[in-house]
Every structure is written in structure tokens, then in C-alpha cells.
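Undergrad: Next input, structure requested:
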Amino acid sequence: MAKPTTILVKLESTADTGYYYVTKKNPRTQTEKMSFRKYDPVARKHVLFKETKLK
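TA: Numbers count the residues shown, from 1 in each chain. The predicted structure is shown next:
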């Protein structure tokens with residue numbers, strides 16, 4: 001069987017709350033690091049989430 005092309009990445013909050021989302025990414029088409037404005041329930045507002053490695 002072939003390996004899947006998508007990898008799991010962690011989107012970590014820049015508000016330093018420790019909250020993170022886990023999402024999939026296709027590294028062949030998206031070569032740069034992802035960053036989104038998403039809701040952080042610990043900070044209770046929308047903040048920037050940046051891609052880090054999933055351990």
C-alpha cells in the first residue's frame with residue numbers, strides 16, 4: 001500500500017495559552033507554513049495559530 005500524501009500538523013496558538021488544533025496538510029501543494037486566525041477558548045477570542053510539528 002502507498003503512504004498517504006497528507007501529513008498531520010499542529011496549529012499552536014500565539015497567545016501562549018497552550019491550546020492547539022490538529023489538521024491535515026498536503027506538503028506537495030502547500031510548501032510554506034500554515035497560519036490561520038482561529039478561536040482560542042482559553043483566551044476567549046480569535047488569535048493567530050501557526051503551524052508547528054506534531055510530536
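Undergrad: which residues does the residue nearest to the spatial centre of the chain bridge with?
TA: The chain has Leu11 as the residue nearest its centroid, 2.2 Å off, counting by Cα atoms, centre = their mean. Note on Leu11: beta-bridge partners Tyr21, Glu51, judged by DSSP bridges.
Undergrad: State the pLDDT value of it.
TA: On the pLDDT scale, Leu11 is placed at 97.
Undergrad: How about the contacts made by it?
TA: Applying Cβ atoms under 8 Å, 6 or more residues apart in numbering to Leu11 gives the contacts 20-23, 34-36, 38, 49-52. To be clear about C-beta, it is placed using only N, CA and C from the backbone, and glycine gets the same treatment.
Undergrad: and stretch 31-43, which residues are buried?
TA: Neighbour counts using 16 or more other Cβ atoms under 10 Å place Asp40 of stretch 31-43 among the buried residues.
Undergrad: residues making contact with it?
TA: Residues outside stretch 31-43 that contact it (Cβ under 8 Å, 6+ apart): 9, 11, 13, 15, 17-19, 21, 23, 25, 45-51.
Undergrad: what's the first-to-last distance across stretch 35-49?
TA: Taking Cα to Cα, to the nearest Å, the first and last residues of stretch 35-49 lie 5 Å apart.
Undergrad: mean confidence score for it?
TA: Stretch 35-49 shows an average pLDDT of 97 in the prediction.
Undergrad: distance between it and the chain's centre?
TA: Centroid separation for stretch 35-49 versus its chain: 11 Å, with Cα atoms, centre = their mean, to the nearest Å.
Undergrad: Distance check, Gly18 against Asp40.
TA: According to Cβ to Cβ, to the nearest Å, Gly18 stands 10 Å off from Asp40.
Undergrad: Revised request: answer the last question for Glu51.
TA: Distance of Glu51 to Asp40, given as Cβ to Cβ: 16 Å.
Undergrad: Likewise for Lys33?
TA: Lys33 is 18 Å from Asp40, by Cβ to Cβ.
Undergrad: now do Phe49
TA: On the measure of Cβ to Cβ, Phe49 and Asp40 end up 8 Å apart.
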